[in-house]
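> Sequence and computational prediction follow.
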Amino acid sequence: MVLQLATTILKGEEQFVGCCGYSWHLGLPFGVLDYDLARCYWKQGIMTEAVQALLRFGFEVRNLHRVEARVRLGNEASMRLLQRLGFQEEGRLRECLFLNNHFFDVKIFSRLKSEYRKSTSQPAESANLRKSRIKCAFTSNYAHLLL
């Protein structure tokens, strides 16, 4: 399994505010997306831009066929983020997350390369990608996202 990490740093502030990345098995065209952002930076569009950049990387560079993400039940903001970015809800995994000594249900979302191609060919999303504040630098083991 390969883990591709990205650190998120705000332009001008030079401080760590969150992380996001992929995990996948070599030779298989599927990736699992994971992300986390410090609470004081929520609702500023930072993770939307970071996930858009990771989708571009996954579908265009890694040539993934499918990207999935798992969200703890109750994390409505994260579910809305994925839905806004074209992910489809697929189902619920019961008590599959163990956090702070408790089990939680998780919803699973996915986006396919064919759906990504359709959305990036539309003028509105293409324009949004050009306006992005994120600069990406991918290395063999890490992807660094700078805002």
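Okay, I see it.
> Could you tell me how far stretch 29-46 lies from the centre of the chain?
6 Å (C-alpha atoms, centre = their mean, to the nearest Å).
> no no, stretch 74-91
Counting by C-alpha atoms, centre = their mean, stretch 74-91 comes out at 11 Å from the chain centroid.
> ok, which stretches of this structure are strands?
Ranges of strands in the chain, per DSSP state E, are 2-9, 16-24, 30-37, 66-72, 88-99, 102-112, 135-138, 143-146.
> Redo those strands as JSON lines? Include mean neighbour count, distance to Gln52 and mean pLDDT.
Backbone N, C-alpha and C define where each C-beta goes, glycine included. Converted to JSON lines, the strands of the chain look like this (neighbours: other C-beta atoms under 10 Å; distance: least, C-beta to C-beta, whole Å; pLDDT from 0 to 100):
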{"stretch": "strand 2-9", "mean neighbour count": "18", "distance to Gln52": "12", "mean pLDDT": "52"}
{"stretch": "strand 16-24", "mean neighbour count": "18", "distance to Gln52": "11", "mean pLDDT": "78"}
{"stretch": "strand 30-37", "mean neighbour count": "18", "distance to Gln52": "11", "mean pLDDT": "89"}
{"stretch": "strand 66-72", "mean neighbour count": "19", "distance to Gln52": "12", "mean pLDDT": "96"}
{"stretch": "strand 88-99", "mean neighbour count": "11", "distance to Gln52": "17", "mean pLDDT": "96"}
{"stretch": "strand 102-112", "mean neighbour count": "17", "distance to Gln52": "11", "mean pLDDT": "97"}
{"stretch": "strand 135-138", "mean neighbour count": "13", "distance to Gln52": "10", "mean pLDDT": "48"}
{"stretch": "strand 143-146", "mean neighbour count": "19", "distance to Gln52": "10", "mean pLDDT": "46"}
